[in-house]
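Visitor: Sequence and predicted structure below; questions after.
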Amino acid sequence: MNTSLNTREKRFIAVAAAIALVFGFTPVASAMHIMEGYLPVGFSVAWGVICIPFLIAGYMSIKKTLKENPKTITLLAMAGAYVFVLSSLKIPSVTGSCSHMTGTGLGAILFGPTAVSILGVIVLLFQAILLAHGGLTTLGANTFSMAIAGPFVTFGIFILCKKIKINKHVGVFLAAAIGDLFTYCVTAFQLAMAYPSESGGVAASMVKFLAVFAPTQIPLAIIEGILTVVIIIGLETYAQPELNDLGYLAGGVK
Amino acid sequence: MENSLGKSSSFIRSGEKAEHEAIHHQKIHHHRIGHKHGEGSAIDFYAYASKIRCWNPTFKVVFSFLTLLLCIGLNNPFVSMAVIIGMAFLTVVKGGLPLSAYLSVLMIPLTFILMGTIAIGVDFSSQPAGQFNLFLGFGYVFTSVGKLQEMAFLMLKVFGAISAMIMMTLSTPSAEIIGVLRKAHVPKLIIELMNLIYRYIFILLDVFNNMRNSADSRQGYGDFKTSCYTFGSVASNMLVVSMKKANAYYTAMEARGYEGELVFLEDEKKHQVSHLIIAVAFMLFLMLLGIMTH
């Protein structure tokens, strides 16, 4: 079919296709939830099993905090509700389209990654129940990408930036944005594992998934980074006592 | 693309629509219709309004989950069709949900499904392959009839699975779903957190609404830069308010005799034998259909 086209026509089609690929998908995706029914049973179970050690660690850490200070139960629940509400809000965007924050990055910086893993499962479950985002069988995979991998990377980068004494706000931006990108890569990997490409296997399939979701996820990660910094600046200005309150929840992140 | 998320956002909408009609009316001219955020959840509202809410919640959760598993496990387009039809019947005819509302809930994940299936159905290669291909300068994008068929079947399966899940969420209020999880021996701490988080979500949405409205009436969402600043300020203020509220709620709980255990009143809803028989028959039918058309 292509042999009949001359070089100029071919180039024109290539450019048109590239434009269509970039602008055809306006950034609308919320955090990349894998939808219900998308993963075969084996993968759903496997990702669920991978999450279990992290969830047990989170459960133990929450239980310990509660034993020391029972008052944290309402604080923890509010933190969970906060992450849910934050992830359901429409964030400002240049194109006027509709996108949402993950919220778990900020959660990890404020409350610590272990607490966020448990809160994350609950929030993801409510997102499936109340918003029809994500699903029950994909809960394991989504938990791993959004409530475990993303927050741990965010937290790690946040601590690292603190250690090497980069400006704190730059650190927060990097932590939130890279955590978001990491979530997106993990999700693409999960999809690629379940649907490997015939010609190139998992790696080729992963490139495809990364490419398809890149136009929505990369701007989203940058905006999420900026917003997280604005939120942190706001908190530092108005909420020093509350941040100190959260300190013991997060295990010393003030 | 934008459409599907626009619709999804409309699901974060007030339950007590009638009572807030006047307030809504004021907002509509600013936010496009169906573009309201942070006013409660429509799915939650539908769940309370459903006519099959009186069915036993354990039955609904288990039935929906097993159907979901069958739909994914059998991986068969006929089974998916049967699940889509069966679940639509339950939700729309038995549950009395308007068809338009049902369809718009079903369409929420459309963006993801379209993008995901395109990535699966289309492949890159340096030489022409498959039945349909397009030269892109650096290589060929190609697909084949088999791939397109696989895409269509995958979409059917995903819609089947989603309709099985939303059959449950559109007929069972969250509090009852949490009750079922409690009966399934999910740790008490998790159940308690879920109960509290569910309640706090609506409180925070209310807080957010007030802040958003006051910022909005002061031109807080004028341009992109201001919106970013406003969004950040609202979000950080929301955290401050939520922390203050958390402390107040703990005091309130303690004043009412909280000693480390939250107990909620749950309605006793009896199992109906006829439902059980029909559910088992439906699942046997799905399995037979799956084997026969394998």
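Guide: Cool, got the structure.

Visitor: So, low pLDDT: which residues of the stretch 51-200 of chain B?
Guide: Flagging of the stretch 51-200 of chain B using pLDDT under 70 yields the residue ranges B:124-131, B:133, B:135-139.

Visitor: try the stretch 51-200 of chain A
Guide: Regions of the stretch 51-200 of chain A meeting the criterion pLDDT under 70 cover residues A:92-99.

Visitor: What ranges does it have for its helices?
Guide: Along the stretch 51-200 of chain A, the segments classed as helices by DSSP state H, counting those that start in this stretch run A:72-88, A:104-111, A:113-131, A:139-142, A:150-163, A:168-194.

Visitor: at contact distance from chain B, anything in the longest one?
Guide: Same thing as helix A:168-194. Yes. In terms of CB under 8 Å from any CB of the partner chain, part of helix A:168-194 sits within range of chain B, namely A:Leu191. No exception for glycine: its C-beta is placed from N, CA and C like everyone else's.

Visitor: Looking at the helices of the stretch 51-200 of chain A, which is nearest to B:Ala246?
Guide: helix A:72-88 (4.1 Å; CB to CB).

Visitor: Restricting to C-alpha, output that closest one in PDB.
Guide: Provided in PDB are the C-alpha atoms of helix A:72-88 (Å, rounded to 0.1, in the frame of the first residue of the first chain):
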ATOM      1  CA  THR A  72      -3.800   9.000  65.700                       C
ATOM      2  CA  ILE A  73      -6.800   6.900  64.500                       C
ATOM      3  CA  THR A  74      -8.800  10.000  63.500                       C
ATOM      4  CA  LEU A  75      -5.700  11.700  62.100                       C
ATOM      5  CA  LEU A  76      -4.900   8.600  60.000                       C
ATOM      6  CA  ALA A  77      -8.400   8.400  58.700                       C
ATOM      7  CA  MET A  78      -8.400  12.100  57.900                       C
ATOM      8  CA  ALA A  79      -5.100  11.500  56.000                       C
ATOM      9  CA  GLY A  80      -6.800   8.800  54.000                       C
ATOM     10  CA  ALA A  81      -9.800  10.900  53.200                       C
ATOM     11  CA  TYR A  82      -7.500  13.800  52.300                       C
ATOM     12  CA  VAL A  83      -5.600  11.600  49.800                       C
ATOM     13  CA  PHE A  84      -8.900  10.500  48.300                       C
ATOM     14  CA  VAL A  85     -10.400  14.000  48.000                       C
ATOM     15  CA  LEU A  86      -7.100  15.300  46.600                       C
ATOM     16  CA  SER A  87      -7.100  12.600  43.900                       C
ATOM     17  CA  SER A  88     -10.700  13.300  42.900                       C
END
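
Visitor: Tell me which of the helices of the stretch 51-200 of chain A is the most buried.
Guide: Ranked by mean neighbour count, the helices of the stretch 51-200 of chain A are led by helix A:104-111 with a mean of 29 (mean count of other CB atoms under 10 Å in any protein chain shown).

Visitor: tilt between it and helix A:150-163?
Guide: Counting by axes from the mean of the first three to the mean of the last three CA atoms, to 10 degrees, helix A:104-111 lies at 50 degrees to helix A:150-163.

Visitor: Phi, psi for B:Val263 please.
Guide: Dihedral pair for B:Val263: phi -120, psi 130, per degrees, to the nearest 10.

Visitor: how about the strands in the stretch 101-250 of chain B?
Guide: For the stretch 101-250 of chain B, the strands defined by DSSP state E, counting those that start in this stretch occupy B:123-125, B:132-135, B:140-143.

Visitor: what about the longest helix in chain A?
Guide: Criterion DSSP state H: the longest helix present in chain A is helix A:201-238.

Visitor: in that helix, what's buried?
Guide: By neighbour count on 16 or more other CB atoms under 10 Å in any protein chain shown, the buried set for helix A:201-238 is A:204-210, A:212-218, A:220-221, A:223-235.

Visitor: between it and helix A:104-111, how big is the angle?
Guide: 50 degrees.

Visitor: chain center to helix A:201-238: distance?
Guide: Centroid displacement of helix A:201-238 relative to its chain, using CA atoms, centre = their mean, to the nearest Å, is 8 Å.

Visitor: do that helix and chain B meet?
Guide: Yes. Judged by CB under 8 Å from any CB, helix A:201-238 comes into contact with chain B at A:204-205, A:207-209, A:211-213, A:223, A:226-227, A:229-235, A:238.

Visitor: what's the neighbour count on residue 167?
Guide: Assuming you mean chain A. When neighbours are counted by other CB atoms under 10 Å in any protein chain shown, A:Asn167 registers 9.

Visitor: sorry, should have said chain B
Guide: 28.

Visitor: What of B:His185?
Guide: Close neighbours of B:His185, defined as other CB under 10 Å, add up to 8.

Visitor: wait, what's in contact with it?
Guide: If you count contacts by CB atoms under 8 Å, 6 or more residues apart in numbering or on different chains, B:His185 has none.

Visitor: how far away is it from A:Phe54?
Guide: When distance is defined by CB to CB, to the nearest Å, B:His185 is 21 Å away from A:Phe54.

Visitor: Stretch B:85-97: which residues count as buried?
Guide: Neighbour counts over stretch B:85-97 (16+ other CB under 10 Å) mark B:Gly86, B:Met87, B:Ala88, B:Leu90, B:Thr91, B:Val92, B:Gly95, B:Leu97 as buried.

Visitor: May I have it exported as PDB, CA atoms only?
Guide: Extracted as PDB, the C-alpha positions of stretch B:85-97 are listed here (Å, rounded to 0.1, in the frame of the first residue of the first chain):
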ATOM      1  CA  ILE B  85     -26.700  -8.300  29.500                       C
ATOM      2  CA  GLY B  86     -27.300 -10.000  32.800                       C
ATOM      3  CA  MET B  87     -25.800  -7.200  34.900                       C
ATOM      4  CA  ALA B  88     -27.500  -4.500  32.900                       C
ATOM      5  CA  PHE B  89     -30.800  -6.200  33.600                       C
ATOM      6  CA  LEU B  90     -30.100  -6.400  37.300                       C
ATOM      7  CA  THR B  91     -29.000  -2.800  37.600                       C
ATOM      8  CA  VAL B  92     -31.400  -1.100  35.300                       C
ATOM      9  CA  VAL B  93     -34.600  -3.200  35.300                       C
ATOM     10  CA  LYS B  94     -34.400  -4.600  38.800                       C
ATOM     11  CA  GLY B  95     -32.500  -1.800  40.400                       C
ATOM     12  CA  GLY B  96     -34.500   1.000  38.700                       C
ATOM     13  CA  LEU B  97     -31.500   3.000  37.700                       C
END
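
Visitor: Just confirm yes or no for that stretch near chain A.
Guide: No. Judged by CB under 8 Å from any CB, stretch B:85-97 stays clear of chain A, getting no closer than 12.0 Å.

Visitor: got the contact list for that stretch?
Guide: With contact meaning CB under 8 Å, 6+ apart, stretch B:85-97 is reached by B:46, B:49-52, B:67, B:98-99, B:102, B:160, B:163-164, B:166-167, B:170-171, B:282.

Visitor: near chain A, from these?
Guide: B:Gly160, B:Ile166.

Visitor: And chain B, what are its domain boundaries?
Guide: Per automatic domain parsing, the structural domains of chain B span B:2-186+B:264-292, B:187-263.
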